[in-house]
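> following is a predicted model, sequence given first.
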Amino acid sequence: MIVRSLLSFLLILAAGSGVFAKEDGASRPAGIPAEATSLFNGQDLSGWHGMGHTDPYKLQSMSDGQRETLRKQGLEDIQKHWRVETNAAEGGELVNDGHGVYLTTDRDFGDCEFWIDYKTVPMADSGIYLRGTPQVQIWDTTEAGGKWKIGADKGSGGLWNNSPGAAGKDPLVLADRPFGEWNRIHVVQVGARTTVWLNDQLVVDHAIMENYWDRGRPLPRKGPIQLQTHGGEIRWRNVYLREIGAEEANRLLAGYDGDGFQKIFNGHDFSGWRGAIKNYKIQDGALLCKPGQGGVLFTDPQYGDFMVRLEFKLPEAGNNGLAIRYPGHGDAAYDGMTELQVLDSEHPKYAKLDPRQYHGSAYGMVPAARGYLRPTGQWNFQEVTVQGAKIRVELNGSVILVADLSKVKDFMKGSKHPGKDLTSGHFGFAGHHDPVAFRNIEIKRLD
């Protein structure tokens with residue numbers, strides 16, 4: 001499926017393309033919006049340092065002194081293998097001889113739109129690390145290059161380090177230009193959701209970029225961009241980036257593959273809902289649990305297998321939950337299939353919770369990955385898929401929970417979960433006295 005809202009957004013940009021003024025006075029290439037910032041000034045390596053293939057988790061565990069030593073070693077290396085060739089008309093080129101550490105941004109980036117041009121040579125093999133993680137692949141796609149057995153025949157631009165058969169690993173089309181010509185890579189990344197165009201052709205369509213460093217975790221929330229050096233000269237130019245804010249990120253996530261979803265909250269009244277209606281209110285088109293109130297607000301219909309998409313906003317220390325296959329009575333976390341926590345997980349108030357109580361977790365049964373909530377007060381986008389006993393939770397474009405509740409044998413405090421094997425039930429919100437807000441609530445039946 002095409003990323004509908006993303007393509008609409010790009011059409012708006014294209015309408016205003018042409019040549020924009022670059023910060024250093026050189027011309028800005030057509031198709032790159034004025035809001036994008038140049039990461040390369042065309043004159044020197046300001047804003048960049050050298051870093052090899054480095055596990056970011058190990059980097060975080062280093063002392064400041066160890067990181068400083070690594071930085072100095074990287075600086076010495078890039079002075080040997082990297083150079084800048086200035087060109088007033090084109091804005092300069094970054095040139096690597098095919099050896100040494102990777103040119104790495106000083107800054108870390110999260111959700112963003114990124115452009116870069118490259119030109120390579122036969123037998124070279126390179127790529128672009130996103131969030132310090134490999135990689136958008138660049139290589140010699142000819143048979144003479146000797147790498148057809150590992151996918152080079154399919155072209156550049158794919159997320160080559162994704163698992164075999166995973167979406168995004170192989171590019172959708174071969175879009176490489178002949179050696180000697182410039183290629184343009186254009187990336188939009190929201191959470192781990194990654195879309196790549198090569199020479200204006202879609203090669204990766206909203207695929208999850210896997211965490212090469214630890215496939216049991218989502219992609220890091222932020223990290224540097226790295227230009228890989230590997231096996232032959234590569235040139236880079238026109239390096240631009242535009243950061244994507246929360247509201248735009250949510251629109252992009254919600255706009256993808258929306259077929260079959262139906263709104264279940266009209267933003268005006270409680271039509272189609274029952275349960276703790278008196279304990280909730282509607283404000284600015286959103287559902288809020290009243291402060292000091294609680295209980296489960298749930299849909300009239302019941303659902304078996306389904307997907308639900310919604311946005312939520314947490315106040316400080318906010319606590320609520322998504323009631324999954326709720327029977328219409330009792331505690332959603334125990335009498336229903338589960339309650340998926342909606343929680344301001346990093347608030348000091350919750351520092352000592354069981355891991356199975358933090359945001360996105362199947363309450364008391366399976367913990368979700370932490371660290372992927374937006375700052376308190378911003379809207380988050382969440383998608384939940386329920387199929388049989390399996391639950392998948394994607395938060396802001398990152399998959400934070402994949403669980404099969406039929407296999408859970410260890411429960412928090414040994415508490416029984418009599419409803420966990422329910423095959424159908426209502427969807428709802430399990431209020432816990434805090435004004436957590438929900439909006440744009442849509443469900444798609446899968447059964």
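Cool, the structure landed.
> identify the residues contacting the nearest residue to Gly371 once chain neighbours are set aside.
With C-beta to C-beta, 6 or more residues apart in numbering as the measure, Arg221 is the residue that lies nearest to Gly371, at 6.0 Å, once sequence neighbours are left out. Yep, even glycine has a C-beta here, placed from its N, CA and C like the rest. Arg221 makes contact with Gly110, Arg131, Gly371, Tyr372, Ser398, according to C-beta atoms under 8 Å, 6 or more residues apart in numbering.
> in strands only, show me those.
The subset of these located in strands under the criterion DSSP state E comprises Ser398.
> which of the contacts of Arg221 are buried, as a ChimeraX select command?
In ChimeraX, this line selects whichever of the contacts of Arg221 come out buried by 16 or more other C-beta atoms under 10 Å:
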select :110,131,371,372,398
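> so the residue nearest to Gly371 is in which element?
Arg221 is located outside every helix and strand, with elements delineated by DSSP states H and E.
> re earlier: if we take the contacts of Arg221, which one ends up nearest to Asp55?
Within the contacts of Arg221, distances to Asp55 taken as C-beta to C-beta reach their minimum at Arg131, with 12.7 Å.
> you'd agree the closest one is up against Pro218?
No: using C-beta atoms under 8 Å, Arg131 is not in contact with Pro218, being 10.4 Å away.
> rebuild the contacts of Arg221 as a markdown table, extending it with distance to Pro301 and pLDDT.
As requested, the contacts of Arg221 are exported to a markdown table (distance: C-beta to C-beta, whole Å; pLDDT from 0 to 100):
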| residue | distance to Pro301 | pLDDT |
| --- | --- | --- |
| Gly110 | 37 | 98 |
| Arg131 | 40 | 98 |
| Gly371 | 34 | 96 |
| Tyr372 | 30 | 98 |
| Ser398 | 29 | 98 |
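> with the contacts of Arg221 in mind, which one is nearest to Val121?
Nearest to Val121 out of the contacts of Arg221 is Arg131 (C-beta to C-beta; 27.6 Å).
> kindly report the domain assignment for the chain.
When the chain is parsed with automatic domain parsing, its domains come out as 4-251, 262-445.
> what's the span of the last one, first residue to last?
Think domain 262-445. Start and end residues of domain 262-445 are separated by 9 Å (C-alpha to C-alpha, to the nearest Å).
> just stretch 281-294 next, same as before
The stretch stretch 281-294 measures 12 Å between its terminal residues, going by C-alpha to C-alpha.
> try stretch 93-111
Start to finish, the residues bounding stretch 93-111 are 26 Å apart (C-alpha to C-alpha).
> list the buried residues for that stretch?
Those buried within stretch 93-111 under the rule 16+ other C-beta under 10 Å are 93-96, 98, 100-105, 109-111.
> now, the most widely separated pair of the residues you listed?
Among these, Gly98 and Asp111 lie farthest apart (C-beta to C-beta), at 31.8 Å.
> which parts of the one helix or strand Lys444 maps to are buried?
Here Lys444 is covered by strand 437-445, with elements defined by DSSP H and E. Of the residues in strand 437-445, those buried under the neighbour-count criterion (16+ other C-beta under 10 Å) are Ala437, Phe438, Arg439, Asn440, Ile441, Glu442, Ile443, Lys444.
> equivalent analysis for stretch 60-75, please.
The neighbour-count criterion (16+ other C-beta under 10 Å) identifies Leu70, Gly74 as the buried residues of stretch 60-75.
> what element comes up after the lowest-mean-pLDDT helix or strand in the chain heading to the C-terminus?
Across the helices and strands of the chain, mean confidence by mean pLDDT, DSSP states H and E is lowest for strand 20-21: a mean of 32. Tracing the chain C-terminally past strand 20-21 and defining elements by DSSP H and E, one meets strand 27-28 next.
> can you give me the helices in the stretch 301-447 of the chain?
Taking DSSP state H, counting those that start in this stretch, the stretch 301-447 of the chain contains no helices at all.
> please enumerate the strands of it.
Assignment of strands within the stretch 301-447 of the chain using DSSP state E, counting those that start in this stretch yields the ranges 306-313, 319-326, 338-343, 379-387, 390-395, 398-404, 426-432, 437-445.
> do the same with the stretch 1-150 of the chain
Going by DSSP E, counting those that start in this stretch, the stretch 1-150 of the chain shows strands at 20-21, 27-28, 37-38, 48-51, 82-85, 93-96, 102-105, 112-120, 125-130, 133-139.
> closest to Met412 out of these?
Evaluated over the strands of the stretch 1-150 of the chain, closeness to Met412 peaks at strand 133-139, with 32.4 Å, by C-beta to C-beta.
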